[in-house]
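Enquirer: build me a model:
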Amino acid sequence: MDGVQGMGGEAAGTQAASHEGALKPSGAVKFFYSIGQFIESGYLAINAFIFFYYTAVLGLSGSMVGAALAISMTVDAALDPLIGSWSDSVRSRFGRRLPMMLLAAPLTMVTMGLLFAPPSGMTPFLLFVWLTLTKGSVRAFASMYNIPYFALGGEMSDDYVERSRIVAYRLLSGILISVLITALAYSVFFAGEGGLQDPARYPAFGWTIAALVLAGGLICCAGVWRYAAALPQPSTAPEPMISRFVGEVTEILRNRTFLILFLSMLLFASAVGVHQALNNHTYVFVWKLRPETIQVITYVYLAGILAGVPLTPALLRRMEKKTVAAIGFALVAIGWIVLPGARGLGLFAPVGADALPWLCASALIFGLASGLVFIVFPSMMADAAEEHEHLHGSRREGLFFSGLGFAGKASNGMGLLIGGFALDLLRFPRDVGRQVNAVVRRMFCPTWSWPGAGFRPCWSASAPWCSPPTPSRGRGTNTSRQR
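Expert: Residues are numbered from 1 along each chain as shown. This next block holds a predicted model:
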């Protein structure tokens, strides 16, 4: 890496040589790297509107919307290991990860805009096809960016603590873009009573967010390419994908740490999917909140994540990463069960402004827990990838992070499918979707007090406790790795 210039005029070789020989990117590199989180956080921010838009606004049945979202996410999840393996094998003057990221960013932008701009006059079946194709394309191209992006973050440093700092930078950037998108959504595009129920407002919203996503992806690539180009790459040409892929997947499936992280995310994300699918329905039709009020809950949730950023390193100085992850899962269960359970039992029934403080308290707990999980899980996966390299002599960051993505997407898609069928099972009246101040009481029970939404993340909390201790800091001997 000698002679390769890093950000701010500092040689990448100098950066890599700091901290007693460990790879340690400068603050500028970490800043520009974090901007790439715009792709994933932008997608997640708009994801909250998709289910509501296609069911309550466009009138597509919940089961059809749930099926379309589940199909798109399942197909995308199946592609993740292929994307990860492809990313691991790339050799270029920009490094292993950036070529795929540069290709995926504009494709994500185009398909995201189309997702919120279906042609008018489509039959329900054609609208189902449009949703399946555009949602699947957005998710696939976003994964084509995010898998190498996350893998790049995992290999930017080989220091145990520095990896968590890199994830924290990325998380802070995600919070900022989420706040911006939320403010644009509820204060600009959907402002006013009944704003979420106006179909004419969605196309402009979709294309605006798509442009922000593209800008973030390209700024990230421009800011880190010198550092990324200096990182290790495959020294020889890889075998063809068909001949090597099965063996690579089999290899990582023998890693016990990977399997535990994979199964934990699989269980947790299925509950998140149900919660996510029907969130806006409950805010609008059960809690009777205006769009301007809904954004307050989102801000409180993001503030909870922000609080979890400094809290996580403090906890990690006293606990193992797996213990912190278990605490995060337990708090999610509490945030989802207490308030909805009281409502379901008839002990709590305020609406509108009266319900806002309680909903914000629940969102704060959920956000704090999410902050712990969002930092610890990617950091644990990076540790697992390093452990794998130590044991097997092969770098598989792309496949490891694609496995985490596969678990999240496949189970989240299943959660969305369950949410869609629940909406139809409750006979949600599609004709009231555009009626301002309509109240739908019968949909409350399975959305906010469905026991599985609390049970799954609570069950997931047991999995990290079973994982072996995280690798010791730095690159030690085999004995220190197994300790």
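
Enquirer: what about the closest residue to residue 245 other than its chain neighbours, which SS state?
Expert: Leaving aside its chain neighbours, residue 245 sits nearest to residue 85 (5.4 Å; criterion: Cβ to Cβ, 6 or more residues apart in numbering). For the C-beta atoms, the positions are set from N, CA and C on the backbone; glycine is no exception. Using DSSP: H, G, I helix; E, B strand; the rest coil, the structure places residue 85 in helix.

Enquirer: surely residue 85 touches residue 403?
Expert: No: contact between residue 85 and residue 403 fails when scored by Cβ atoms under 8 Å: they sit 11.0 Å apart.

Enquirer: more neighbours: which of these two?
Expert: The neighbour comparison of residue 85 against residue 403 (other Cβ atoms under 10 Å) goes to residue 403, with 27 against 20.

Enquirer: that one reaches residue 252, doesn't it?
Expert: Yes: the pair residue 403 / residue 252 is scored as a contact, 6.6 Å apart, by Cβ under 8 Å.

Enquirer: joint contacts of those two?
Expert: Common contact partners of residue 403 and residue 252 (Cβ atoms under 8 Å, 6 or more residues apart in numbering): residue 258.

Enquirer: can you list the low-confidence ranges for the stretch 51-200 of the chain?
Expert: Where the stretch 51-200 of the chain drops to pLDDT under 70, the residues are 160.

Enquirer: the stretch 201-350 of the chain: helices as residue ranges?
Expert: 202-229, 241-253, 256-277, 279-281, 291-316, 321-344 (DSSP state H, counting those that start in this stretch).

Enquirer: out of the ones you listed, deepest packed?
Expert: helix 256-277 (a mean of 23; mean count of other Cβ atoms under 10 Å).

Enquirer: residue 149 sits in which helix or strand?
Expert: helix 124-155 (DSSP states H and E).

Enquirer: tilt between whichever helix or strand comes after that helix and helix 321-344?
Expert: Next in sequence after helix 124-155, counting helices and strands by DSSP H and E, comes helix 160-184. Helix 160-184 and helix 321-344 are oriented at 30 degrees to each other (axes from the mean of the first three to the mean of the last three Cα atoms, to 10 degrees).

Enquirer: could I get the average pLDDT for the helix ranked longest in the chain?
Expert: Among the segments of the chain that qualify as a helix by DSSP state H, the longest is helix 356-392. Mean pLDDT, helix 356-392: 84.

Enquirer: cool, stretch 223-242 as well?
Expert: Within the predicted structure, the mean pLDDT of stretch 223-242 is 73.

Enquirer: now swap in stretch 420-429 and tell me
Expert: The model assigns stretch 420-429 a mean pLDDT of 73.

Enquirer: quick one: list the elements packing against the longest helix of the chain.
Expert: helix 124-155, helix 160-184, helix 241-253, helix 256-277, helix 291-316, helix 321-344, helix 397-425, helix 478-482 (3 or more Cβ pairs under 8 Å, 6 or more residues apart in numbering; DSSP states H and E).
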